[in-house]
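Colleague: Could you look at this predicted model? Sequence included:
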Amino acid sequence: MKSRIFVTLKNGVLDPQGKAIHHAIEGLGFSGVHDVRAGRLIEIEHEPGLSKADLESMCTKLLANMVIENFEIEQA
Amino acid sequence: MMRAAVIQFPGSNCDRDMAVAIRDITGADTSLVWHRESALPSGLDFIAIPGGFSYGDYLRSGAMAARSPVMQAVIAAAGRGVPVLGVCNGFQILTEAGLLPGALMRNAGIRFVCRKVGLTVENNQSMFTSGYAAGEKIHIPVAHHDGNFFADDATLDRLEGEGRVAFRYAEPVNGSARNIAGVLNDKGNVLGMMPHPERMIEAIQGGSDGRRLFEGLIREIA
């Protein structure tokens, strides 16, 4: 079984990498892009019995830094 | 004799500079402790977490190192009041380990910053800063990609109100909230800072403003 964990910066936390990507997109000639925020996708292969609570615990203990990031878990 | 330990992670690269600075300035019996150790040498008076790129900065700078076995022992020692200094990657590790508030994010200008910067000593009452005058301007080099200190406004207000901002950049360097360069924990025995005092301990390095951090610390410990 596979779960996908999306780690994103909290609202209000400045994202210099997202800003640089935004500039690069505009440099390629694309217009109409208002904002870009970069995050991280972590895919975890695991036993079907692994609970959502365990996945959440992995997120809060390691995969996300709760000072600056949020996470969302998508179970396949 | 004072006893000190410098923690080594895979990817640490300021560990030996730190050990030399501590030995030369304080005369402490200084050991290097590998991250897989679950216990620290007994009777330690001081622990330093050095700079570098532990675990290649995988996941987030300092994130993997903060969960390594030796950090459990460092957290316990800090809880007993042992002074802990984290420099650069060491500062990132201490925030990731929860010993210091906030987080260190990518520099606001994206670029790696490697140069000597001016710092203001905001609090000279701590065990790490007693060698300086309050408000003194000193010069110490930085070398980092992720030195942009972030905390929410309530946390920043609390840090300022409690005198826990040890050093502030004299001018913007990396986008740090309120130009914060170094912070103390609530008990004042843990200091994290992005600038490298161990790289500025004698004239041949271009200055010795980092030296007084170690000199002040040994006077406080003695």
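Modeller: Ah, there it is. Numbers count the residues shown, from 1 in each chain, chains lettered A, B, ... in the order given.
Colleague: How about the residues of chain A by chain B?
Modeller: Within chain A, the residues that sit near chain B (CB under 8 Å from any CB of the partner chain) are A:13-14, A:16-17, A:19-20, A:61-63, A:65, A:67-68. Heads up, the C-betas are built off the backbone N, CA and C, glycines and all.
Colleague: Selecting buried members of those in PyMOL, what would you type?
Modeller: To isolate the buried ones among these in PyMOL, judged by 16 or more other CB atoms under 10 Å in any protein chain shown, type:
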select buried, chain A and resi 13+16+19+62+63+65+67+68
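Colleague: Tell me where the chain has strands.
Modeller: The chain I'm using is chain A. A:2-9, A:40-45, A:69-75 (DSSP state E).
Colleague: oops, I was thinking of chain B
Modeller: B:3-8, B:29-34, B:46-49, B:84-87, B:103-105, B:113-121, B:137-144, B:148-150, B:165-169, B:180-184, B:190-193.
Colleague: Backbone dihedrals for the nearest residue to B:Cys88 once chain neighbours are set aside, please?
Modeller: Using CB to CB, 6 or more residues apart in numbering or on different chains and skipping the chain neighbours, the partner closest in space to B:Cys88 is B:Gly51 (3.3 Å). The phi and psi values for B:Gly51, taken as degrees, to the nearest 10, are phi -80, psi 170.
Colleague: residues contacting B:Cys88?
Modeller: B:14, B:50-52, B:142-144, B:147, B:193-196 (CB atoms under 8 Å, 6 or more residues apart in numbering or on different chains).
Colleague: List just the nearest of those to A:Gly49.
Modeller: Nearest to A:Gly49 among those: B:Gly52, at 39.0 Å, using CB to CB.
Colleague: Give me the neighbour count for that closest one.
Modeller: 22 (other CB atoms under 10 Å in any protein chain shown).
Colleague: So it versus B:Ser61, what's the distance?
Modeller: 10 Å (CB to CB, to the nearest Å).
Colleague: so what sits against both of the two?
Modeller: By CB under 8 Å, 6+ apart, the residues touching both B:Gly52 and B:Ser61 are B:Asn89.
Colleague: tally of neighbours for the closest residue to A:Lys2 other than its chain neighbours?
Modeller: Spatial nearest neighbour of A:Lys2, chain neighbours left out: A:Ala76 (4.8 Å); criterion: CB to CB, 6+ apart. Look at A:Ala76: counted by other CB under 10 Å, it has 7 neighbours.
Colleague: residues in contact with A:Ala76?
Modeller: Counting by CB under 8 Å, 6+ apart, A:Ala76 has contacts A:1-4.
Colleague: Give me the neighbour count for residue 35.
Modeller: I'll assume chain A. Around A:Asp35 there are 8 residues (other CB under 10 Å).
Colleague: wait, I meant chain B there
Modeller: B:His35 has 18 nearby residues by other CB under 10 Å.
Colleague: circling back to that earlier point, let's have the strands of chain A in TSV, adding mean neighbour count and mean pLDDT.
Modeller: TSV is the format used below for the strands of chain A (neighbours: other CB atoms under 10 Å in any protein chain shown; pLDDT from 0 to 100):
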stretch	mean neighbour count	mean pLDDT
strand A:2-9	16	97
strand A:40-45	12	97
strand A:69-75	15	96
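Colleague: Now render these as JSON lines, adding distance to B:Ala5.
Modeller: Shown next, in JSON lines, are the strands of chain A (distance: least, CB to CB, whole Å):
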{"stretch": "strand A:2-9", "distance to B:Ala5": "33"}
{"stretch": "strand A:40-45", "distance to B:Ala5": "33"}
{"stretch": "strand A:69-75", "distance to B:Ala5": "31"}
